[in-house]
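Undergrad: 3D, please:
(2 chains)
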Amino acid sequence: RKEVEQDPGPFNVPEGATVAFNCTYSNSASQSFFWYRQDCRKEPKLLMSVYSSGNEDGRFTAQLNRASQYISLLIRDSKLSDSATYLCVVTLPSGGSYIPTFGRGTSLIVHP
Amino acid sequence: NAGVTQTPKFRILKIGQSMTLQCTQDMNHNYMYWYRQDPGMGLKLIYYSVGAGITDKGEVPNGYNVSRSTTEDFPLRLELAAPSQTSVYFCASSVDTPRETQYFGPGTRLLVL
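TA: Alright, predicted model coming up:
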């Protein structure tokens, strides 16, 4: 089982739709959680951190479910500019430290 | 602030050649990372560093070497290039620990023929 798993998609949605992605992780000792956005042929950029109580930033809402070991990202009122790959990142314990581990990403295509 | 810069942007290598990918950050971050990203895949950690003089292996270190003589610079060395090392390489840094936001450079596209 992979340590961090995401459905690669693509998710193809119309403008204005609500779309949700999940990301599961295998190690219950995982400590920190993030969603990054990556545009085609560009570097990843932080979209938002994910906190235990859940957090919201405009149209984006992130949730953490430690019991079921997954995080989620909800995008409301999708825009054309939301088209990108969304990468889940989990910090996993490794030899006394924590190292970031990426999922393979979920592709989102928002069409007119 | 320039953030994280990487050179070169693109390089073609022949099998068996060597090269160094350069990475510099001007944010005084302690942690630095090297990743590779193959088509359609997530990023895989090659090496990371928690500060000058300290480096450690990530998930896929074979075929690579790193050094960290200063806070700013974290070069990645390929000694004997192989076709399997064809990939996009990203350098990143974070303030203190991996629990902090990572800032990425624009990447180096490497083709080994």
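Undergrad: Apart from its chain neighbours, what residue comes closest to the residue nearest to the spatial centre of chain B?
TA: Among the residues of chain B, the one closest to the centroid is B:Trp34, at 3.0 Å (Cα atoms, centre = their mean). The shortest distance from B:Trp34 to any non-neighbouring residue, by Cβ to Cβ, 6 or more residues apart in numbering or on different chains, is to B:Ile46 (4.4 Å). Placement of C-beta: from N, CA and C, glycine included.
Undergrad: Same check on B:Asn1?
TA: For B:Asn1, the closest residue by Cβ to Cβ, 6+ apart turns out to be B:Asp26, at 5.6 Å.
Undergrad: Check B:Asp96 too.
TA: Nearest one to B:Asp96, counting by Cβ to Cβ, 6+ apart, is B:Asn30 at 5.7 Å.
Undergrad: B:Thr71 is in contact with that neighbour, correct?
TA: Yes: using Cβ atoms under 8 Å, B:Asn30 is in contact with B:Thr71, at 7.2 Å.
Undergrad: Now do the shared contacts for the two.
TA: Common contact partners of B:Asn30 and B:Thr71 (Cβ atoms under 8 Å, 6 or more residues apart in numbering or on different chains): B:Gly51.
Undergrad: still on that earlier bit, quick check, the residue nearest to B:Asn1 in contact with B:Thr71.
TA: No: using Cβ under 8 Å as the test, B:Asp26 is too far from B:Thr71 to be in contact (9.8 Å).
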